[in-house]
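1. the following comprises the amino acid sequence and a computationally predicted model.
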Amino acid sequence: MDTLTSQAAYDPLPPRSTMKDTALSRLQSGLKTLGQPIFLCTVLIPTLLAILYFGVFASDVYISESRFVVRSANKSSMSPLGLMLGGSGLSAASEESNAVQEYLGSRLALQEADSDGLLTRAYSAPAIFWFDRFGLGGKRDREHFYEYYLKRVKVENETTTQVVYLTVRAYDAKQAHAINERLLERSEALVNRLSDRARADAVAAAKAEADAAQERARSAARALAAYRNDAGVIDPEKEAAVRLQMISKLQDELLSVRTQLSQLQSYTPEASQIPYLRTQERALQTEIDQQTSGIAGGRKSLSATAARYQELQLDSEIAGKQLATALASLQDARNDASRKRAYVQRIADPSTPDYAMEPRRVIGIFATLLLGLIAWGVLSTLLVGIREHRD
């Protein structure tokens, strides 16, 4: 009997009454914790609101995604190495791609895409929960609609591949697809406008240069023609060459006449041909002097006019070469303008989602609960520290 009593005294299991009292005290402590204002405000109430919102009221969000890249045509090198490196002659147009990204996040994109009220209807439908619908708190002006739009439309650029990702969130699958398609069409129109403007500017600049070169060529030609009329010469160099040939022939004739005259004066001084030969000699010498003075020596000589003529002729030749270069540049600009320099190449058309991707209801509820517990723990620790400090 004593042995049984001693074993009961050292039994490690507590009596049933003690276990019940412990469980009851823990339940009371838990209920007391649930009744604390801090726990109610940080954990219980937010979690209940999250359950109501995500489980009952939150509207389904459908996500439509498209992918595209902005390409431009460039001139590839004619060398084999250039052909290998250049490929098909297409390169990523970074400037146009950046312009498209900036455009999609601008008020102009919202205005053009909502020209027929597509976005307004999609985000203001009565079927959307009032918390998710546009116009929360009576803010229905265009500025608040733009802020709402930026939260529903997302543009990302892959720097390595230059691929642009356009993501649209809406509360209807077809409307999400329609908004994505509308924004993509407006982006293509923007690239076309930029390309047309660049081509038009290039052609206009080349044409202006060609017109200026043509006017310079005309002015140089008119100046050369006017100088020819004033100087009475067509080409001083050619005329000088002709006159030199004539002087050479006259000098040959003069030499022949002088030879005959010298022979007659030596052998037959009384010959009747001597006066005639002397007259012929004077005439030839006079003609040679006139022709020589016409080439050089006088203000109207060919040598005096040749310098100015060569200057005007050089101006005319330079103007002609400039005109030829400008016309070639104009033709190149028109050839480039005949090709589309930049365009949007779709990699993936806007998708039509089969089911709602957001909100993630279970994750949202558990995230709210976890954040509430963390906030409750932090606040409780702070309050305990404050009480201990006061004590």
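-> Structure's in. What do you need?
2. got any ranges where the stretch 1-150 of the chain has weak pLDDT?
-> In the predicted model of the stretch 1-150 of the chain, residues 1-35, 73-93 satisfy pLDDT under 70.
3. which residues in it form helices?
-> 2-9, 16-34, 37-39, 45-52, 80-86, 94-104, 107-113, 118-123, 142-152 (DSSP state H, counting those that start in this stretch).
4. which helices and strands sit right next to the fourth one?
-> The helices and strands touching helix 45-52, judged by 3 or more CB pairs under 8 Å, 6 or more residues apart in numbering; DSSP states H and E, are helix 361-390. Placement of C-beta: from N, CA and C, glycine included.
5. buried ones in the helix it packs on?
-> Within helix 361-390, the residues that count as buried by 16 or more other CB atoms under 10 Å are 361, 364-365, 368-369, 372, 376.
6. adding pLDDT and distance to E281, write the residues you listed out as a markdown table.
-> Conversion of the buried residues of helix 361-390 to a markdown table gives the following (pLDDT from 0 to 100; distance: CB to CB, whole Å):
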| residue | pLDDT | distance to E281 |
| --- | --- | --- |
| R361 | 79 | 128 |
| G364 | 82 | 126 |
| I365 | 85 | 132 |
| T368 | 87 | 130 |
| L369 | 87 | 134 |
| G372 | 85 | 134 |
| W376 | 83 | 137 |
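7. could you redo those residues as JSON lines and give each row distance to T352?
-> Conversion of the buried residues of helix 361-390 to JSON lines gives the following (distance: CB to CB, whole Å):
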{"residue": "R361", "distance to T352": "22"}
{"residue": "G364", "distance to T352": "25"}
{"residue": "I365", "distance to T352": "29"}
{"residue": "T368", "distance to T352": "31"}
{"residue": "L369", "distance to T352": "34"}
{"residue": "G372", "distance to T352": "37"}
{"residue": "W376", "distance to T352": "43"}
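8. of those, closest to D332?
-> Closest approach to D332 among the buried residues of helix 361-390 (CB to CB): G364, at 60.4 Å.
9. please name the nearest non-neighbouring residue to the closest one.
-> Nearest non-adjacent residue to G364, counting by CB to CB, 6 or more residues apart in numbering: F54, 4.5 Å away.
10. that neighbour against P359, yeah?
-> Yes - with contacts counted by CB atoms under 8 Å, F54 reaches P359, the gap being 5.9 Å.
11. tell me which of those two has more neighbours.
-> F54 (19 against 15; other CB atoms under 10 Å).
12. please report how far the more buried one lies from A127.
-> 18 Å (CB to CB, to the nearest Å).
13. and the helix or strand harbouring A226, how far out from the chain's middle?
-> Per DSSP states H and E: A226 is located in helix 173-231. Relative to the centre of its chain, helix 173-231 is centred 17 Å away, using CA atoms, centre = their mean, to the nearest Å.
14. so which elements touch it?
-> So helix 173-231, by 3+ CB pairs under 8 Å, 6+ apart, packs with strand 62-73, helix 94-104, helix 107-113, helix 118-123, strand 163-170, helix 302-337, strand 342-348.
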